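Enquirer: Got a predicted structure plus its sequence, pasted below:
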Amino acid sequence: MIGPQELAFMGKGLLWTLALTAMGFAGGILFGFLVALARVSPIRWLSALARAWIAVFQGTPLLMQLFVVYFGLPLLGLNPPAWVAVAAALTAHASAFLGEIWRGAIQSVPKGQSEAAHALGLRYRARMMDVVVPQALRLSLPATIGFLVQLIKGTSLAAIVGFIELARAGQIVSNQTFKPLLVFGLVGLMYFMLCWPLSLWGKAMERRLAIGQTR
């Protein structure tokens, strides 16, 4: 039978899922922004470096990235806690995907606006930060929210390296109570309650942008 103790244990796993998502998404925003700027940079080697970063992390499974970071850091003499290794892997993964999303958004802003800003005497940094990037972030919001939903579900892979987040907590409770259907039904419901509102928000933002573009 699932009692208050088991529910509290799963609740703690849920909090770790939220914490890992927040850390991975915040880190992904920071580094993804830099990746996006590097990707559209006129400096060729910088753009090539960003392109390689995106290719590596988009072309390999998140599970493998977790393994590489979790088992690779000790080989470099670093022994961070498991949650730090998982957060670092999620950050690198998110930076590649968000960087590519924002790269597409930056390049979708009409070139005429950047050219007009250039004609007004704005330098490259001012053109990007004051003219292009604010519009690009608005255009990329639905895709960014969609990736956040994927990142929430991706945190469940942290269980593979032994970290106890929501999915792993559900597995432990299931092994103790022999109620796998009930336990994983609750786990699935918790993920759904996290992801569904975000999906609705993303669709609402997409509709709002579509209406704005047709006016």
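Expert: Sure thing, it's come through.
Enquirer: List the contacts of the most centrally placed residue in the chain.
Expert: Nearest to the geometric centre of the chain sits Ala94, at 3.9 Å (CA atoms, centre = their mean). Ala94 makes contacts with 24-25, 27-29, 31-32, 147, 151, as judged by CB atoms under 8 Å, 6 or more residues apart in numbering. For the C-beta atoms, the positions are set from N, CA and C on the backbone; glycine is no exception.
Enquirer: which of those residues count as buried?
Expert: Buried members of the contacts of Ala94, scored by 16 or more other CB atoms under 10 Å, are 24-25, 27-28, 31-32, 147, 151.
Enquirer: now the strands for the chain?
Expert: Ranges of strands in the chain, per DSSP state E: none exist.
Enquirer: can you list the weak-confidence ranges in it?
Expert: Within the chain, the ranges that satisfy pLDDT under 70 run 212-215.
Enquirer: Mind doing that once more with 90?
Expert: Low-confidence segments of the chain, defined by pLDDT under 90: 1-3, 42, 73-80, 82, 108-139, 159-163, 202-203, 205-215.
Enquirer: If you drop the residues flanking it in sequence, what lies closest to the residue nearest to the centre of the chain?
Expert: Once flanking residues are discounted, Ala94 sits nearest to Gly28: 2.4 Å by CB to CB, 6 or more residues apart in numbering.
Enquirer: what's Pro142 in contact with, if anything?
Expert: Applying CB under 8 Å, 6+ apart, one finds that Pro142 lies in contact with 202-203, 205-206, 209.
Enquirer: again, only using 10 Å
Expert: 101, 201-210 (CB atoms under 10 Å, 6 or more residues apart in numbering).
Enquirer: What of Lys179?
Expert: Counting by CB under 10 Å, 6+ apart, Lys179 touches 1-2, 6, 173, 185-186.
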